[in-house]
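> Turn this into a structure:
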Amino acid sequence: MKSDANTARLAGAAFLLVLVTSAVGGALRLSVAGTGSVSDLLLGISSNLETWRFSTVLDLFTSVGIVILAISLYGVFKKQNKLLATVGLGWWLAEAITLAVSKLGSLALIPLSAEFVEAGAPASSVYQTLGHFFYHVLDRQGNDIHMLFYSLGAVLWFAMFLRARSIPRIISIPGLIIEVVGLGGMVLLLFGFNVSMMLFYPIAALELATGLWLLIKGTKHRLLA
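Numbering: from 1, shown residues only. The predicted model follows:
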């Protein structure tokens, strides 16, 4: 059906949008934040305000893309298994909301960094305390929680991809394994274990392959069991 093909194509475009905006936004944020102290973070934001703002806007676009993607996948999978599709939709809507809320931390750091510089960048002050909360707790911990919601939803979506044979098994089988491993890694990370970020890199390749397949082949392959 044409509507199914168009929805699949929309899902593919949303996969790619989320991949690009999250990757570019993350790289820009890291270029400003670095891996140093909170004082260095505040000085870096003050000196690179436009870059920091742009990275935050890209993250908000990622949140919008997640909503579009979740609704699209729900639309094509509800005929296969409405219950699982609804749960998957809920997890990814929670992911989008959590990501958007976490950006309050990024936005709050902008005026805080300006005040920090105006105060002469004191070595030990309330600015470091607030900066730590806005960045490490609200922004970064919020990002980790949003990735947990992503993993929970992704396991369901790729299980349905596999069952429906709507994408090649060379994508859906490794995809399901990658998402299950990613879910386990996120759970360990939230419990305080040291987890290598290399564990999550295959997810980007998976999103690229899935997005391209759905975008290019969406008019020829129905996402129905």
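> show me where the chain has helices.
2-33, 38-47, 49-77, 82-118, 126-132, 142-164, 169-190, 201-217 (DSSP state H).
> and the shortest one, which residues are buried?
To tie it back to what came earlier, the one meant is helix 126-132. Within helix 126-132, the residues that count as buried by 16 or more other Cβ atoms under 10 Å are Y127, Q128, L130, G131. In short, each C-beta sits where N, CA and C put it, glycine included.
> would a markdown table of those residues with distance to T51 be doable?
Converted to a markdown table, the buried residues of helix 126-132 look like this (distance: Cβ to Cβ, whole Å):
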| residue | distance to T51 |
| --- | --- |
| Y127 | 20 |
| Q128 | 22 |
| L130 | 21 |
| G131 | 17 |
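> so which of the residues you listed comes closest to F116?
For F116, the nearest member of these is Y127. The distance, counting by Cβ to Cβ, is 4.4 Å.
> if I read this right, the closest one contacts G120, doesn't it?
No. The pair Y127 / G120 is not scored as a contact, 10.5 Å apart, by Cβ atoms under 8 Å.
> The buried residues of helix 126-132: which two are farthest apart?
Between any two of those, the greatest separation by Cβ to Cβ is 7.5 Å, found for Q128 and L130.
> List the backbone torsions phi and psi for A119.
phi -80, psi 0 (degrees, to the nearest 10).
> Apologies, that question was intended for S124.
According to degrees, to the nearest 10, the main-chain angles of S124 amount to phi -140, psi 110.
> mind checking how far it is from S37?
11 Å (Cβ to Cβ, to the nearest Å).
> More neighbours: which of those two?
Shown here are S124 and S37; by other Cβ atoms under 10 Å, S37 has more neighbours (13 against 8).
> Name the residues of the helix or strand bottoming out on mean pLDDT in the chain that are buried.
Confidence across the helices and strands of the chain bottoms out at helix 2-33, with a mean of 90, counting by mean pLDDT, DSSP states H and E. Neighbour counts using 16+ other Cβ under 10 Å place 4-5, 7-22, 24-25, 28-29, 32-33 of helix 2-33 among the buried residues.
> which one in this protein is furthest away from the centre?
Of all residues in the chain, G120 sits farthest from the chain's C-alpha centroid, using Cα atoms, centre = their mean; the distance is 35.8 Å.
> The least confident helix or strand of the chain: how far from the chain's middle?
Relative to the mean C-alpha coordinate of its chain, helix 2-33 is positioned 9 Å out (Cα atoms, centre = their mean, to the nearest Å).
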